[in-house]
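Colleague: The following block contains a protein sequence and its predicted model.
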Amino acid sequence: MELLILFLASLSFYLSPSYAQCPEVCACIGLTATIDCTPRADTNTSFRFTTIPQQDVPSTTRRLIMTGNQLATLLPGSFVIYPSLESLVLDDNLFTEIPGEGLEDLPLLTSLNLDGNPLGTLGDGEFRNLTALQELSVQQTPLTTVSSGAFEGLNNLQRLYLDDNQISELPADFFALIPQLEFLSLTGNNDLQTLPEGFFDPLNPTVAQIDITNLPWSCDCFLQWLGEYLALNPSILASDAETLCLWPPPHINQRISSVPTSDFQCSAPSVLEDLQDADILTNRVFTLDCNLAGAPFPEVTWTRDGVEVNYTERVFLQQYSGALQFADVVLEDAGTYQCFAININGSANSTTTVLTIAESTCFDGLLSSHETDVDCGGEFCSPCNISQGCLADRDCEGELVCLYTHQLPSMLLYISPNDTLAFTCAVPSVPPELLERNLQESFPTGAFSVNFTGLAGTADLHNTLQEQLAQQLQAPVPTISNVQLLTVERFSQPLYQVYFDLQKSRTGEQARATLLRQIDDGSLKATVRVTETTTSYRVRLNL
């Protein structure tokens, strides 16, 4: 009877008006009282919410998911009808600032997710109404600034995720309003090179944990304190991944806590090598290296003909190397270049370099994915001819890339030469490295070693046929001996001949029968001639 009463009680819950309600185009999920308004890929509707749903909202809703909508602001009173809300997911919307006035009437909210919004700043007091908040996530945004008063009112905040943003600095009193924080993650902020001295002192290192991996730490005089702090409090690091220096060069990829205190030095920039003039072709990837020293990492600028370079997606500065990267060289990139570096300790500049640029062609003899035969993914050269194929994604000087691709005999997939295979390409004067790649891709991986003779286009392959022949014929290896592999020309096509001896034994007789059966049923496409001696069968296969 008690079980029946419980069943009827649960049934009455499912049938109650508050549970039966659900905003249109959203999904309402069972006992967890979750409303999921993420746009569904399995429907034809393109509807996106621009405001928080206000109709047919169950009063029991504890979690609201608004992922991937078009919310750019929150109107005051948006959550009056959500009195029980504990978790709010607003990721991948259009918020450019924290909608502080809209984040009210949420006395029970413990979790807020703002990932993936175009936020630039966390300003003072923008979360002050969320007094019960325990977890805040603002990740994968263009966020650059976190103010000292950003966490005002968050007296219960325990976990804070600020990963994969564009934060370059944090205030010294970052924890002043959230000393109770138990977890902070800053990983993936590629502009965050340093932190103010004593930054983590307000935290209790026996309780709190931090994830500061995958950051471009500059292990200079300003970060000496962090090395000492991590050496004294290793348990505060939440991640098994090591917290490593990115700069300066003597300590790249070294654990911050293992850098000797005396090595945390600051110095003025210097350019270690003179720049060299270069002649390059269009449609190439090219890099101008500044080759810098100095700590903290210097701010680098490049000039062309005396005017500062305007960085674009095609021409850009490599972060933390100072190199100028050309993703696709054009004629207009020609000119005289120079790099300049500055940090708080001084400045330096490189010598000048002159880039001379010419138009690329299909026959300039240089390797370029832009110029290869179109069958290899290039843009300019002609396709390979019929019965030819691309050997590699390389420059198509003449027809070197378009090697004749006749099908190698299937038997070679089972054997490894013990003697010599003379393999001559159909295209004359083929470079050995191209021929080698063709051969290695045609044969089983690791089955052959390739050695080239002085004659262009000829390769000798040396390895042992014996084991693979034994496998082909299902015979013990000692049954087979005196293996040779030869190539002859017949009607302008290569003819492969395999010679070997089979013992006159029970296993040899079985191997001979297996060979003849494979030829008869077509599983081995070859002709065979077997001659008999007093101790063995001499076999010749024409493939």
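Modeller: Received it, and whenever you're ready, just let me know what you need.

Colleague: give me phi/psi at residue 90?
Modeller: With angles defined as degrees, to the nearest 10, residue 90 sits at phi -120, psi 30.

Colleague: measure it to residue 66 for me?
Modeller: 5 Å (C-beta to C-beta, to the nearest Å). Quick note: C-beta positions are derived from backbone N, CA and C, even for glycine.

Colleague: Ok, residue 539 next?
Modeller: Going from residue 539 to residue 66 by C-beta to C-beta gives 75 Å.

Colleague: more crowded one of these two?
Modeller: residue 66 (25 against 22; other C-beta atoms under 10 Å).

Colleague: Now the phi/psi pair for the more buried one, please.
Modeller: Per degrees, to the nearest 10, the backbone of residue 66 is at phi -120, psi 30.

Colleague: correct me, but it touches residue 49?
Modeller: Yes - applying C-beta atoms under 8 Å, one finds residue 66 in contact with residue 49, separated by 6.3 Å.

Colleague: Between those two, which contacts overlap?
Modeller: Residues touching both residue 66 and residue 49 (C-beta atoms under 8 Å, 6 or more residues apart in numbering): residue 37.

Colleague: For residue 507, give its distance to residue 476.
Modeller: From residue 507 to residue 476 the distance is 6 Å (C-beta to C-beta).

Colleague: Tell me which of those two has more neighbours.
Modeller: Using other C-beta under 10 Å as the criterion, residue 507 and residue 476 rank with residue 507 on top: 17 against 14.

Colleague: Go through the helix or strand where the more buried one lies and flag the buried ones.
Modeller: Element membership of residue 507, judged by DSSP states H and E, is helix 506-520. Buried positions in helix 506-520, judged by neighbour count with 16 or more other C-beta atoms under 10 Å: 507-508, 510-512, 515, 518.

Colleague: low-scoring stretches of this protein, by residue?
Modeller: For the chain, applying pLDDT under 70 flags the ranges 1-20, 31-32, 41-45, 240-241, 361-468, 485-496, 525, 543.

Colleague: the helices in it, which residues?
Modeller: 2-15, 17-20, 224-232, 432-442, 466-473, 506-520 (DSSP state H).

Colleague: Which residue is the nearest non-sequential neighbour of residue 81?
Modeller: residue 57 (5.2 Å; C-beta to C-beta, 6 or more residues apart in numbering).

Colleague: show me the contacts for the one you found.
Modeller: 21, 23, 35, 81-82.

Colleague: what about the closest residue in space to residue 208 that isn't next to it in sequence, neighbour count?
Modeller: Once flanking residues are discounted, residue 208 sits nearest to residue 182: 5.4 Å by C-beta to C-beta, 6+ apart. Per other C-beta under 10 Å, the neighbour tally for residue 182 reads 15.

Colleague: Likewise for the one 10 residues further on?
Modeller: When neighbours are counted by other C-beta under 10 Å, residue 192 registers 21.

Colleague: Was I right to think it contacts residue 163?
Modeller: No - using C-beta under 8 Å, residue 192 makes no contact with residue 163, being 11.0 Å away.

Colleague: Give me the common contacts of these two.
Modeller: Joint contacts of residue 192 and residue 163 (C-beta under 8 Å, 6+ apart) are residue 186.

Colleague: out of everything not next to it in sequence, what's closest to residue 527?
Modeller: Counting by C-beta to C-beta, 6+ apart, the residue nearest residue 527 is residue 542, at 4.6 Å.

Colleague: What residues of stretch 48-64 count as buried?
Modeller: 49, 52-53, 57-58, 60-64.

Colleague: Need the max-distance pair from the residues you listed.
Modeller: Within the buried residues of stretch 48-64, 49 and 60 form the most distant pair, 20.5 Å apart (C-beta to C-beta).

Colleague: I figured residue 172 hits residue 194, correct?
Modeller: No - counting by C-beta under 8 Å, residue 172 does not reach residue 194; the two are 11.7 Å apart.

Colleague: Which residue of these two possesses the greater neighbour count?
Modeller: Ranked by neighbour count (other C-beta under 10 Å), residue 172 and residue 194 place residue 194 first, with 20 against 14.

Colleague: Can you tell me how far that one is from residue 344?
Modeller: Separation of residue 194 from residue 344 (C-beta to C-beta): 11 Å.

Colleague: if I look at the two, which residues touch both of them?
Modeller: By C-beta under 8 Å, 6+ apart, the residues touching both residue 194 and residue 344 are residue 296.

Colleague: about what we covered before: wait, the residue nearest to residue 527 sits on residue 524?
Modeller: No - Residue 542 is beyond contact range of residue 524, at 11.4 Å (criterion: C-beta under 8 Å).

Colleague: Those two - which one has more neighbours?
Modeller: The neighbour comparison of residue 542 against residue 524 (other C-beta under 10 Å) goes to residue 524, with 21 against 14.

Colleague: Tell me where the stretch 251-400 of the chain has strands.
Modeller: For the stretch 251-400 of the chain, the strands defined by DSSP state E, counting those that start in this stretch occupy 267-271, 278-281, 286-288, 292-295, 299-304, 307-308, 315-317, 324-326, 335-343, 346-349, 353-358, 388-390.
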